[in-house]
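*Asks:* Provide a 3D model corresponding to the input given below.
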Amino acid sequence: MTDDWCGWREATRTALYGEDGFYRRPEGPAGHFRTSVHASGLFASAVARLLTRTALELGTDTVDLVDVGAGRGELLTGVLAALRAVPDAPSVRAYAVELAPRPPALDPDIEWSRALPPRVHGLLFANEWLDNVPLDVAEADGDGVPRYVLVRRSDGAERLGDPVTGADAEWLERWWPPARPGERAEIGRPRDEAWARAVEAVAGGLAVAVDYAHVRGARPPFGTLTGFRAGREVPPVPDGSCDVTAHVALDACAAATAGTGDGAELLDQRTALRELGVSGERPPLARASADPAGYVRALASAGEAAELTARGGLGDFGWLRQRIRPAP
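*Replies:* Numbers count the residues shown, from 1 in each chain. You can find the predicted model right below:
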């Protein structure tokens, strides 16, 4: 770690994925923030139902499940457990794509890799992956010219660098042009490219990205770059001590795969999970006297479902779904 000034993309890459990076720490992401996977097993069960539907659409009894940005394998572990409880569930080839080392106690049925499988037949699922794909930040100077924001790794101090040019400038113009001096934008081109590579690996089935998101026309004027440590939001200092994240321009990611498969679909998590049977509706009160234990379990499940689908919370997450029909 040095005090050299550099762009946010370079600084974030080192801070998160370098030799001593945040995502290589032994406690893993779950030690610092809570995703839908950690909030409730209902999320993994919903993904298991989505995988089963994908297998039916493909007409196969054996299906791939690829978790991109797998953390410590929590989602895959939950999905496999949910499927083992279902009669006639499809056979699953499970792949965790993650830069951190394989957890020692992970289910041996899960293959651990730093790279995507070459040809996926099934479901590729990326939960809170794209928000950690490093990107550069731009800010409009006093003349309204977008310039790269440079950061000092040791303390997160910033200053403006050169004007944004080339492919980055084209991306800003199309997706997030800073309108007035001082306004900022996060240049999502690396995320578009990462998502396009992921979708390209799917030879047949469904690719899904789930993340904090925004779309053109509702971009935050000063960006979303922030940090998290031990469950609390903190300044985004790229020294490896915290997560460094920014919301995802999912509409731009969707456009990056235009012409692929059946086209991309954007929706919120609340809608997506309800389609998969996750609802926050309370059980009928009459059940409390007829089946007290069952009522308590159903009430707890409804509470977890309500958290996963809540407005102003996890329910506002964006889902990007891309269906790819297998070649005849």
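*Asks:* Just to be sure, Leu160 is in a helix?
*Replies:* No - according to DSSP: H, G, I helix; E, B strand; the rest coil, Leu160 belongs to no helix; its state is strand.
*Asks:* What count of nearby residues applies to it?
*Replies:* Using other Cβ atoms under 10 Å, Leu160 is surrounded by 16 other residues. In short, each C-beta sits where N, CA and C put it, glycine included.
*Asks:* Can you name the residues that contact it?
*Replies:* The neighbours of Leu160, taking Cβ atoms under 8 Å, 6 or more residues apart in numbering as the test, are Glu139, Asp141, Arg147, Tyr148, Val149, Leu150.
*Asks:* Only the buried subset of those, as a ChimeraX command please.
*Replies:* Filtering those down to the buried ones (16 or more other Cβ atoms under 10 Å) takes a single ChimeraX command:
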select :139,147,148,149,150
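*Asks:* Let's have the contacts of Leu160 in CSV, adding pLDDT and secondary structure.
*Replies:* Formatted as CSV, the contacts of Leu160 follow (pLDDT from 0 to 100; DSSP: H, G, I helix; E, B strand; the rest coil):
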residue, pLDDT, secondary structure
Glu139, 98, strand
Asp141, 97, coil
Arg147, 97, strand
Tyr148, 98, strand
Val149, 98, strand
Leu150, 98, strand
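*Asks:* Which single one of the contacts of Leu160 is nearest to Val215?
*Replies:* The nearest member of the contacts of Leu160 to Val215, counting by Cβ to Cβ, is Glu139 at 21.0 Å.
*Asks:* Who does the closest one form a beta bridge with?
*Replies:* With DSSP bridges as the criterion, Glu139 is bridged to Arg147, Arg184.
*Asks:* Do I have it right that it meets Leu150?
*Replies:* No - with contact defined as Cβ atoms under 8 Å, Glu139 and Leu150 do not form a contacting pair (10.2 Å).
*Asks:* from the chain's centre, how far out does the strand ranked longest in the chain sit?
*Replies:* Among the elements of the chain assigned as strand by DSSP state E, the one spanning the most residues is strand 202-211. Computed by Cα atoms, centre = their mean, to the nearest Å, the chain-centroid distance of strand 202-211 equals 12 Å.
*Asks:* So which residues lie in contact with it, not counting its own?
*Replies:* With Cβ under 8 Å, 6+ apart as the criterion, strand 202-211 contacts 36, 50, 54, 57-58, 63-64, 119-131, 195, 198-199, 247-248, 250, 253, 269, 317-327.
*Asks:* Mind giving me the PyMOL command for buried ones among the residues you listed?
*Replies:* Only the buried members of these end up in this PyMOL selection, burial being decided by 16+ other Cβ under 10 Å:
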select buried, resi 36+50+54+58+63+64+120+121+122+123+124+125+126+127+128+129+130+131+195+198+199+247+248+250+253+269+317+318+319+320+321+322+323+324
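*Asks:* Could you point out which residue ranges in the stretch 201-328 of the chain have low pLDDT?
*Replies:* When the per-residue scores of the stretch 201-328 of the chain are filtered using pLDDT under 70, the ranges that remain are 261, 280-301, 303, 328.
*Asks:* Could you pull up the residues touching the residue positioned nearest the centre of the chain?
*Replies:* The C-alpha lying nearest the average C-alpha coordinate of the chain belongs to Glu128 (Cα atoms, centre = their mean; 2.0 Å). Each residue near Glu128 by Cβ under 8 Å, 6+ apart is listed here: Thr35, Gly69, Val210, Asp211, Tyr212.
*Asks:* rewinding a little: what is the nearest of the contacts of Leu160 to Glu74?
*Replies:* Closest to Glu74 out of the contacts of Leu160 is Val149 (33.5 Å), distances taken as Cβ to Cβ.
*Asks:* What's the local residue count around the nearest residue to that closest one once chain neighbours are set aside?
*Replies:* If you skip the residues right next to it in sequence, Val149 has Val137 as its closest partner in space, 4.2 Å away by Cβ to Cβ, 6 or more residues apart in numbering. A count of nearby residues for Val137, using other Cβ under 10 Å, gives 23.
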